[in-house]
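whatever this is, show me its structure:
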Amino acid sequence: MSLTVEQLAAESMDLWQQCATTCLPELGRRFRPEEQSVKEKLLDQCLASIEKELMRVPRIREERAAAHERITSAFVQFARSALELDDRHLAILLERGFPEIGTSMGRMARRFDPGVGTSEIFQACRKRTWRRRMSARRQSGSWWA
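Numbering: from 1, shown residues only. Coordinates of the predicted model:
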């Protein structure tokens with residue numbers, strides 16, 4: 001008997017919920033459903049703003065710089081309001097490789113699949129940045145590498 005995607009997803013969510021109360025470490029503050037809904041709307045607004053920027057192809061250096069600034073600003077606004085990051089968190093993301101990784105991965109992803117979404121690119125960037133940070137920490141023996 002083969003399961004449908006919906007059945008597999010439901011089974012996976014049930015397993016996740018069972019595990020969440022017994023075997024996962026505390027990950028910090030939990031948001032109430034209404035708070036999560038507000039934060040998800042902020043994410044949608046951020047992604048819409050970024051996708052709007054990506055639809056316009058800047059032709060000259062000044063236009064590219066302005067587009068980069070608008071994208072960065074949209075991300076910072078989202079990160080502060082929805083993710084509740086402070087300046088030290090933003091500095092790690094914005095000054096330690098995230099923009100370069102994002103640009104590179106976005107270009108590669110769009111060459112491979114022009115229909116890839118912005119949220120998928122951001123997720124890949126987040127994972128790659130995290131792996132890079134963990135590797136640096138292992139090599140240096142320092143949490144703040």
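
Phe78 - nearest residue in space that isn't next to it in sequence?
Cys46 (3.7 Å; C-beta to C-beta, 6 or more residues apart in numbering). All C-beta spots, glycine's among them, are computed from the backbone N, C-alpha and C.

surely that neighbour meets Thr72?
No. Counting by C-beta atoms under 8 Å, Cys46 stays clear of Thr72, with 11.4 Å between them.

which of the two has more neighbours?
When neighbours are counted by other C-beta atoms under 10 Å, Cys46 and Thr72 differ, and Cys46 comes out ahead with 22 against 15.

run a quick check on Ala82 versus Asp44, I expect a contact.
No. Checked against C-beta under 8 Å, the pair Ala82 and Asp44 is beyond contact range at 10.1 Å.

of the two, which one has the most company?
Using other C-beta under 10 Å as the criterion, Ala82 and Asp44 rank with Ala82 on top: 19 against 12.

contact partners for that one?
Val38, Lys39, Leu42, Leu43, Cys46 (C-beta atoms under 8 Å, 6 or more residues apart in numbering).

low-confidence ranges in the protein?
Low-confidence segments of the chain (pLDDT under 70): 1-3, 20-25, 27, 96-99, 101, 125-145.

which residues in it form strands?
In the chain, no strands are defined using DSSP state E.

those helices in the chain, which residues are they?
Along the chain, counting by DSSP state H, helices occupy 5-20, 33-55, 61-81, 87-95, 98-112, 118-140.
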